[in-house]
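Asks: just the structure for this:
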Amino acid sequence: MEANPLLETYLHQLHLPAFAKQYLPFAVDAAQKNLDYPRYLLALVEQEVQTREQNRIQRRIKAARFPILKEMADFDFSVLPNLNKAHILDLARGEYIAKRETLIFIGNPGLGKTHLSISLSLAACRQGRRVRFWTAAGLVNELLAAQEENRLHRLIAMALKQDLVVLDELGFIPFTANGAHALFTFCSELYERTAMIITTNLQFANWIQLFGDERLTAALLDRLTHHAHIVELSGESFRFRQRMQQEM
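Replies: A predicted model of the protein is given here:
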């Protein structure tokens with residue numbers, strides 16, 4: 001069975017790349033299996049739909065700007081016996097996103113907070129949701145730069161178009177007064193309008209160390225914890241445990 005250049009031209013003009021790529025092998029398969037025309041056409045249509053959906057997912061994942069991809073299936077729940085696996089898997093369904101709630105992971109470094117946040121965000125991308133990932137330090141730098149260039153409202157407007165915003169590693173670097181106020185403004189604008197995931201190594205009582213202003217810290221925590229799922233992780237660092245195993 002030979003390719004049909006004119007058919008391929010029309011298929012590309014109609015923006016049906018999966019059709020153009022698969023019509024010939026599918027035709028050969030249909031002939032061998034004695035499939036009727038509607039079933040052959042259905043198989044092609046299904047392939048086109050699946051290809052488009054996969055492409056959409058990949059675009060959403062790329063737009064999220066994850067530093068690395070981490071799957072839930074690779075997370076070792078057995079080393080964190082106090083972590084409720086069923087709760088995490090339930091969160092992966094994304095109901096907290098639809099309700100525009102906040103998910104806060106608290107725990108020492110190396111316990112998998114970033115892994116979980118990325119895994120849940122990937123699940124959101126695959127559910128058709130728009131996601132944007134920032135480290136806390138990276139976001140504050142962007143906010144301050146946007147403020148200086150009179151485009152802060154555009155940055156916040158972009159964030160408000162997301163279904164889920166991830167703020168990772170809150171607590172490692174204290175903010176300047178301007179940085180603290182910029183982050184407060186950002187989170188306040190997103191409050192009850194966009195779902196958020198926040199990871200932090202600091203207990204709430206210690207957030208004053210980051211923001212340096214008791215009233216601002218209290219106001220921010222009031223907003224972030226209002227509709228929040230708070231998950232505390234405790235145990236031994238994954239990275240420390242791996243290092244010890246390598247040295248044995």
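
Asks: drop to CA atoms for contacts and neighbour counts, all remaining ones
Replies: Fine.

Asks: what distance do you get for L170 to P5?
Replies: As for L170, its distance to P5 is 56 Å (criterion: C-alpha to C-alpha, to the nearest Å).

Asks: what about those two, which has more around it?
Replies: L170 (18 against 10; other C-alpha atoms under 10 Å).

Asks: any idea what the more buried one is bridged to?
Replies: T200 (DSSP bridges).

Asks: got a list of what L220 touches?
Replies: 184, 187-188 (C-alpha atoms under 8 Å, 6 or more residues apart in numbering).

Asks: scan this protein for its longest helix.
Replies: What stands out as the longest helix in the chain, according to DSSP state H, is helix 37-64.

Asks: that helix: what's the following helix or strand?
Replies: Going down the chain from helix 37-64, the next helix or strand is helix 85-91, by DSSP states H and E.

Asks: for stretch 177-184, buried residues please.
Replies: 179-184 (16 or more other C-alpha atoms under 10 Å).

Asks: need the residues you listed in CSV with distance to E101 and secondary structure, can you?
Replies: Formatted as CSV, the buried residues of stretch 177-184 follow (distance: C-alpha to C-alpha, whole Å; DSSP: H, G, I helix; E, B strand; the rest coil):
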residue, distance to E101, secondary structure
G179, 24, helix
A180, 22, helix
H181, 22, helix
A182, 21, helix
L183, 18, helix
F184, 17, helix
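
Asks: ok, so of these, who is nearest L41?
Replies: Relative to L41, the closest of these is L183; by C-alpha to C-alpha it sits at 52.7 Å.

Asks: what ranges do the helices span in the protein?
Replies: Under DSSP H, the chain gives helices at 5-13, 17-32, 37-64, 85-91, 95-98, 113-126, 136-148, 152-160, 177-190, 208-211, 214-224, 238-247.

Asks: name the stretch among those helices that sits most buried.
Replies: helix 113-126 (a mean of 22; mean count of other C-alpha atoms under 10 Å).
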